[in-house]
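Student: Pasting the sequence and the predicted coordinates here, then a few questions.
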Amino acid sequence: MKLNKSDFTGTGKVFGFTLAQMLKGKANIISLIIFLLLAAASIPVMTLVMGGEAASSDTAEASGLKAVFVQNDTGYELDLGSIPQKNELFAQTEFVDTDVMDTEWSEDTYESVLGPAEAYVHLQKDTKKMCFTIGAFTLEEKEFEDGELDSCVSVLSGLLDEARYAQQNAGPEQISVLTSPYAVSVQSVPEYLDEKEENFDARFGVQLLYSVLLLILCTFVSSFIIQKVIEEKASKLAELLMVSVSPLAMLVGKILAVMTYILGLVASIAAVTGISYAVTGQFVDTKVLGQQFAAWGFTAEALKVSQVTALILVVSLLLGYLQVSLISGLVGTGCSSTEDVEPANLTVVLLVMAGYMTATITAGFGDSPVLTTLVSLCPVVSMFCAPVRYIVGDIGFGMLAVSWVLQSAVILLLAYVCARIYRALMMYRGSRMKLGGWIVMFRQNRAKEAESR
Amino acid sequence: MSLVVKNLSKKYGEKTVVENLNFEMKEPGVFALLGTNGAGKTTSIRMMLNMLSRDTGEVLWNGAPLDTATCNVGYLAEERGLYPKYTLMDQLIYFAGLRGIPRAEAKKRIRYWSERLEVEEYLYPQTPKSEDGKKKKGGKVQAPKKADQLSKGNQQKIQFMTALLPDPDLLILDEPLSGLDPVNTDLFKDIIRDEIAKGKYLIMSSHQMATVEEFCTDIIILNRSRTVLSGHLNDIKKSYGRINLMLKTETDVTDLIRREGLMLVSAKETEYQIKVSGDEQANRFLKLLIENGITVVTFSLREPSLHEIFVEKAGDAHEA
């Protein structure tokens, strides 16, 4: 059967109408509001549950330390003006070099000149012990936290280190390397010996996260598409519409409309989550979220966060979406009334669940090459597994590309079946058509076409 | 313009549902597609409109295969349907858009047809009015209706409107008047008359023989997938001859009718409907009545009605 351009005439109209009605639907509007509220609430709730503290301890406005008088007797020149860039806590704090002041500063006399929101820091070189000492002094009745003074001393010691390296002709990059922080990993001996254990957690975590996202997407999609496809048959409108638009254009228009709606929903949720994150960050320390995700193995490194990864995920999600939506379209059109929606949806959800379960269970079996190849190529399962296996490094881009080609072939096959039997399915009345019925209908249509040729 | 339906056939498995349907419309007018229930009328229409695949045959409009690209078709399906939860205006603009009618033009046409079909109140927001016809202050404006808020008849008007919106050259109406009250039936009939006057081609499937007789010039009668009669309605009637005798006398003539071997179809007091073989038998019977001193009040010879022809043809085939 050849497809003509005219088979898709009206797709845009179907798309526009379906999308507009979805956006006007009260149930959809209520769902959207609920999702957006959940997204908005999720960040502050998660932050608080995970132990996020008030951001006041970490922000300059809340800092009680208004001025720091620095007496530098080390012989190295300190760049006090760079402190606000190094630590936002001191953005509003004034660091004053005592050399430029008329007042004499010492450990014995500072109390007479120091205010309650001020500190006196004395850096000196101990030639006997061959070290540097930093002494920090405040009044007993001070108006800031001890931790702030510790941070202040830490920043000044960092400045001293940089000044020392600079005097030894180290460039900015070398200084950056020399002063960069280091991560500390505490592991037990068995954990250290079994290095794969950590990979397993990351693999399983990433697989689970992606699979759950795709599962939610597919479940939404199948439900929406079946409802939208059955709409004309249940409303007895199929005949009227088929005079004006081909059934295939109707299916494609609806699939695209549902896709746009779902993507719009996801984008809205992401935008609201982002805004919520930014707003929450003004009041609570949201770093705890990142730390918690990192503890679960969802680090930027493990997820290989990059534009290429994003592109791979988009392509994979698109292929997965098209497979599920075409299957949903066929299953939905095999129904004749709204009573059939639930069992039809269940059929698609079970199929998707089978893929999801296989993906998550096999993730626990490690990176066996045979299993990896199998789950990366097998239809339905591959839409869950292939991108994840690529991200965690089990397969290369070549294997991923083969998986995409196979998934595309499945989509084309489904589209071919749709093109052959979709018109007949639209006119079909009776109990819900199952796989056997599809095959019979497909064969009959093919035989008739052969006869007519 | 012309419509040609050639050798249209369809089978479901071993069951033939339409067998070699042939007809032609060379001129504008109304063509009636008649038949008993399940005779294959709707299937034929679906095949003509490419909704169902054909086993054999072709449908040509001006010599080219009929489709929406070659012919502006309007269709009122037997299965009446509208989206129940969407506003009627949205639906009508959508249906018009699918036929390539721009939004602004569609709105104009919807306004026109809604006035003609008297359904404006369901399509446009309604401001409450007081008894003197003025706008009521503070009254709540009623929102346009959705399909599931309409009566069956009003839904049918909206569906008829969808068929008329593209200003079709070929209008196919499957049971257009079924379920309508007399007032709305007249409303539909007026529109059908107007469409005929505009030179449109209409194909009508109906079980209401009086309506078909009122509008149709050519008919085809299907029974159990086969064509049992087709042609120009007047020619068909003429071919039967004047075989219906309507007789009214002053005295009872039942014995005379029986003695003459005529078939008495119905009798009400001294009013009789009699089946005769033709003019000759009727004249002979009239002579007999006069010879017997019977006062004849009414003596009228008529061709058979379409209803009778249909019952004879479809009934015969049923019995066979």
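Tutor: Yep, it's here. Numbers count the residues shown, from 1 in each chain, chains lettered A, B, ... in the order given.
Student: Now do the same for the residue of chain B found nearest chain A: helix, strand or coil?
Tutor: Nearest to chain A, among the residues of chain B, is B:Gly81, at 3.0 Å (Cβ to the nearest Cβ). Using the backbone N, CA and C atoms, a C-beta is placed for each residue, glycine as well. Using DSSP: H, G, I helix; E, B strand; the rest coil, the structure places B:Gly81 in coil.
Student: Show me what the helix or strand in which A:Pro387 is found is packed against.
Tutor: Using DSSP states H and E, A:Pro387 sits in helix A:381-391. Packing contacts for helix A:381-391, counted by 3 or more Cβ pairs under 8 Å, 6 or more residues apart in numbering or on different chains; DSSP states H and E, involve helix A:196-234, helix A:307-333, helix A:341-363, helix A:369-377, helix A:397-427.
Student: Give me the neighbour count for the residue of chain B closest to chain A.
Tutor: Number of residues near B:Gly81 (other Cβ atoms under 10 Å in any protein chain shown) recorded here: 19.
Student: give the contact list for the residue lying closest to it once chain neighbours are set aside.
Tutor: Spatial nearest neighbour of B:Gly81, excluding adjacent residues (Cβ to Cβ, 6 or more residues apart in numbering or on different chains): A:Lys236 at 3.0 Å. Taking Cβ atoms under 8 Å, 6 or more residues apart in numbering or on different chains, we find A:Lys236 in contact with B:Ala77, B:Glu79, B:Arg80, B:Gly81.
Student: mind checking how far the closest residue to A:Leu208 other than its chain neighbours is from A:Ile395?
Tutor: Closest residue in space to A:Leu208, ignoring its immediate chain neighbours: A:Thr360 at 5.8 Å, by Cβ to Cβ, 6+ apart. Using Cβ to Cβ, to the nearest Å, we find A:Thr360 at a distance of 17 Å from A:Ile395.
Student: do the same with A:Leu435
Tutor: Distance, A:Leu435 to A:Ile395, using Cβ to Cβ: 31 Å.
Student: who's more crowded, these two?
Tutor: Between A:Leu435 and A:Ile395, A:Ile395 has the larger neighbour count (other Cβ under 10 Å), namely 24 against 11.
Student: Confirm that one sits in a strand?
Tutor: No - going by three-state DSSP, the assignment for A:Ile395 is coil, not a strand.
Student: how many neighbours does the nearest residue to it once chain neighbours are set aside have?
Tutor: Leaving aside its chain neighbours, A:Ile395 sits nearest to A:Arg389 (4.7 Å; criterion: Cβ to Cβ, 6+ apart). Around A:Arg389 sit 28 other residues, with neighbours defined as other Cβ under 10 Å.
Student: In contact with A:Arg389, which residues?
Tutor: Taking Cβ under 8 Å, 6+ apart, we find A:Arg389 in contact with A:Thr372, A:Val375, A:Ser376, A:Ile395, A:Met399, A:Leu400.
Student: follow-up on the earlier one: got the CA positions of the helix holding A:Pro387 in PDB?
Tutor: Output in PDB follows, covering the C-alpha atoms of helix A:381-391 (Å, rounded to 0.1, in the frame of the first residue of the first chain):
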ATOM      1  CA  VAL A 381      12.700  -3.500  26.300                       C
ATOM      2  CA  SER A 382      15.300  -1.500  24.300                       C
ATOM      3  CA  MET A 383      13.500   1.800  24.700                       C
ATOM      4  CA  PHE A 384      14.000   1.400  28.400                       C
ATOM      5  CA  CYS A 385      17.500  -0.100  28.300                       C
ATOM      6  CA  ALA A 386      19.500   1.200  25.300                       C
ATOM      7  CA  PRO A 387      20.000   4.900  26.300                       C
ATOM      8  CA  VAL A 388      20.800   3.900  29.900                       C
ATOM      9  CA  ARG A 389      23.300   1.300  28.900                       C
ATOM     10  CA  TYR A 390      24.900   3.800  26.700                       C
ATOM     11  CA  ILE A 391      25.000   6.400  29.500                       C
END
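Student: Could you list the buried residues of the lowest-mean-pLDDT helix or strand in chain B?
Tutor: Least confident element among the helices and strands of chain B, by mean pLDDT, DSSP states H and E: helix B:306-319 (a mean of 76). Neighbour-count burial for helix B:306-319 flags B:Leu306, B:Glu308, B:Ile309, B:Phe310, B:Lys313, B:Ala314, B:Ala317 (criterion: 16 or more other Cβ atoms under 10 Å in any protein chain shown).
Student: Stretch B:243-256 too?
Tutor: Quick answer for stretch B:243-256 (16+ other Cβ under 10 Å): B:Ile243, B:Asn244, B:Leu245, B:Leu247, B:Lys248, B:Thr249, B:Val253, B:Leu256.
Student: Which helix or which strand is home to the third one?
Tutor: Per DSSP H and E: B:Leu245 is located in strand B:244-249.
Student: So what touches whatever helix or strand comes next after that strand?
Tutor: Toward the C-terminus, strand B:244-249 is succeeded by helix B:254-259 as the next helix or strand (DSSP H and E). Helix B:254-259 has contacts (Cβ under 8 Å, 6+ apart) with B:Leu264, B:Ala267, B:Tyr272, B:Ile274, B:Phe285, B:Leu288, B:Leu289, B:Asn292, B:Ile294.
Student: ok, the first one - contacts?
Tutor: Which is B:Leu264. For B:Leu264, the contacting residues are B:Thr254, B:Ile257, B:Arg258, B:Tyr272, B:Gln273, B:Ile274, B:Lys275, by Cβ under 8 Å, 6+ apart.
Student: same thing with the fourth one?
Tutor: Contacts of B:Ile274 were listed using Cβ under 8 Å, 6+ apart, and they are B:Asn244, B:Leu245, B:Met246, B:Leu247, B:Ile257, B:Leu262, B:Met263, B:Leu264, B:Val265, B:Phe285.
Student: Quick check: bridge partners of it?
Tutor: Beta bridges link B:Ile274 to B:Leu245, B:Leu264, judged by DSSP bridges.
Student: can you tell me the helix or strand for the closest residue to B:Leu60 other than its chain neighbours?
Tutor: Leaving aside its sequence neighbours, B:Leu60 sits nearest to B:Val4 (Cβ to Cβ, 6+ apart; 4.4 Å). Counting by DSSP H and E, the element that carries B:Val4 is strand B:3-12.
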